[in-house]
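**Q** Okay, structure incoming, though there's no sequence with it:
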Ligand code: BTN
């Protein structure tokens, strides 16, 4: 049997035959109970895919998906990260999904606010689970005790001066205990217990929608203020690297266009994603 049409009235769809070479036998384990207006009210589950961001974009081109559609997988085989990096995640252990948005209300010059609202939503989710020492490492890594628990990849389709489509990809480590890098962590590691993936998805979607509605309501200065309050290293001496050169500076601010403002030798410098990385000690 083939897949149901994507505009099926069912809220949740499992695409079984999307990838005929799929070896994963993961079954649909998500049921939306989130108290949201639109986020996750349509959900597409695939047992396995290369990247939920790529799949969401492909599905959005092929069919009319409603705003807030969540594309989620149990096994992401070629997850994409920022700066062309890969996102590795253990099968069936973590949340790996993308949310389709149509934020045509948002001028392109304010697109960084999607990063702000999404990273704050993840921070809210963690704080709701009584996680301490949560911070946002510019631009949108979410850390707990200085270790990365969540990566976010936002891909926008811009037309004229507005954002027609945004795919917000979230990789949130939930039940994975062993990582290939020492600087990663998960909710299970910090709370010393396992979590139900369906429950945490629903609770994260609620946090996401609250922050997205704040953005849609034009509350940019509130969002920016809270983003700065959560920003890792704000006002502290930190070591960075830029195009092979290490230097020290103090993070002073983040510009409206998303540039990180670092004071280096009493000079305010603006850095974009490709130009700077943190040297974590
Ligand atoms: C990063 O920290 O570099 C961003 C990682 C983003 C990973 C998520 S997992 C779901 C979505 N699909 C992808 O291919 N990437 C994002």
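**A** That came through fine. Predicted model only: the values in this text are computed from it and were never measured.

**Q** Contacts only, for the one residue in the stretch 1-150 of the chain that gets nearest to the ligand.
**A** The ligand sits closest to residue 81 of the stretch 1-150 of the chain, with a gap of 2.6 Å, by Cβ to the nearest ligand atom. In this view, the C-beta of every residue, glycine as well, is placed from N, C-alpha and C. Listed by Cβ atoms under 8 Å, 6 or more residues apart in numbering, the contact set of residue 81 reads 87, 151, 153, 171.

**Q** wait, is the second one part of a strand?
**A** I take that to be residue 151. Yes. Judged by DSSP: H, G, I helix; E, B strand; the rest coil, residue 151 forms part of a strand.

**Q** Enumerate the beta-bridge partners assigned to the residue nearest to it when sequence neighbours are not counted.
**A** Counting by Cβ to Cβ, 6 or more residues apart in numbering, the nearest residue to residue 151 once its immediate chain neighbours are dropped is residue 171, at 4.7 Å. Beta bridges link residue 171 to residue 96, residue 151 when assigned by DSSP bridges.

**Q** still on that earlier bit, what about the ligand: which of the contacts of residue 81 touch it?
**A** 87, 151, 153, 171 (Cβ under 6 Å from any ligand atom).

**Q** What is the burial count for the residue nearest to residue 151?
**A** Look at residue 171: counted by other Cβ atoms under 10 Å, it has 24 neighbours.

**Q** what do you get for the one 10 residues further on?
**A** Counted with other Cβ under 10 Å, residues neighbouring residue 181 total 8.

**Q** And for the one 4 residues further on?
**A** For residue 185, the neighbour count with other Cβ under 10 Å is 20.

**Q** Which pLDDT value does the model give residue 4?
**A** What the model reports as pLDDT for residue 4 is 55.

**Q** no, scratch that, I was asking about residue 24
**A** 68.

**Q** re earlier: go through the contacts of residue 81 and single out the one with the most neighbours.
**A** residue 171 leads the contacts of residue 81 on contacts (other Cβ under 10 Å) with 24 neighbours.

**Q** Could you report the distance from residue 259 to the ligand?
**A** 18 Å (Cβ to the nearest ligand atom, to the nearest Å).

**Q** wait, what's in contact with that residue?
**A** 270-272.

**Q** same check, this time on residue 151
**A** 81-82, 87, 140-141, 170-171.

**Q** and if you look at residue 134?
**A** By Cβ under 8 Å, 6+ apart, residue 134 lies in contact with 123, 126-127, 142-144, 230.

**Q** how many neighbours does residue 82 have?
**A** Residue 82: 15 neighbours (other Cβ under 10 Å).

**Q** so is residue 202 in a helix, a strand, or just coil?
**A** helix.

**Q** which non-adjacent residue is nearest residue 180?
**A** Nearest to residue 180 is residue 88, by Cβ to Cβ, 6+ apart, at 6.8 Å.

**Q** any idea which helix or strand comes after the helix or strand hosting residue 210?
**A** Secondary-structure assignment from DSSP states H and E places residue 210 in helix 197-216. With elements assigned by DSSP H and E, the helix or strand that comes after helix 197-216 is helix 220-229.

**Q** hmm, the helix holding residue 210 touching the ligand?
**A** No. Helix 197-216 does not reach the ligand (Cβ under 6 Å from any ligand atom); its nearest approach is 12.4 Å.

**Q** just for the stretch 151-281 of the chain, where's the confidence low?
**A** Within the stretch 151-281 of the chain, no stretch has pLDDT under 70.

**Q** residues in this structure within reach of the ligand, list them.
**A** So the chain meets the ligand at 51-53, 79-82, 85, 87, 96-98, 141, 151-153, 169-171 (Cβ under 6 Å from any ligand atom).

**Q** again, only this time at 8 Å
**A** 50-54, 76, 78-83, 85, 87, 89, 96-98, 140-141, 148, 150-153, 169-171 (Cβ under 8 Å from any ligand atom).

**Q** Just the buried residues of those residues.
**A** 51-54, 76, 79-81, 87, 89, 96-98, 140-141, 148, 150-153, 169-171 (16 or more other Cβ atoms under 10 Å).
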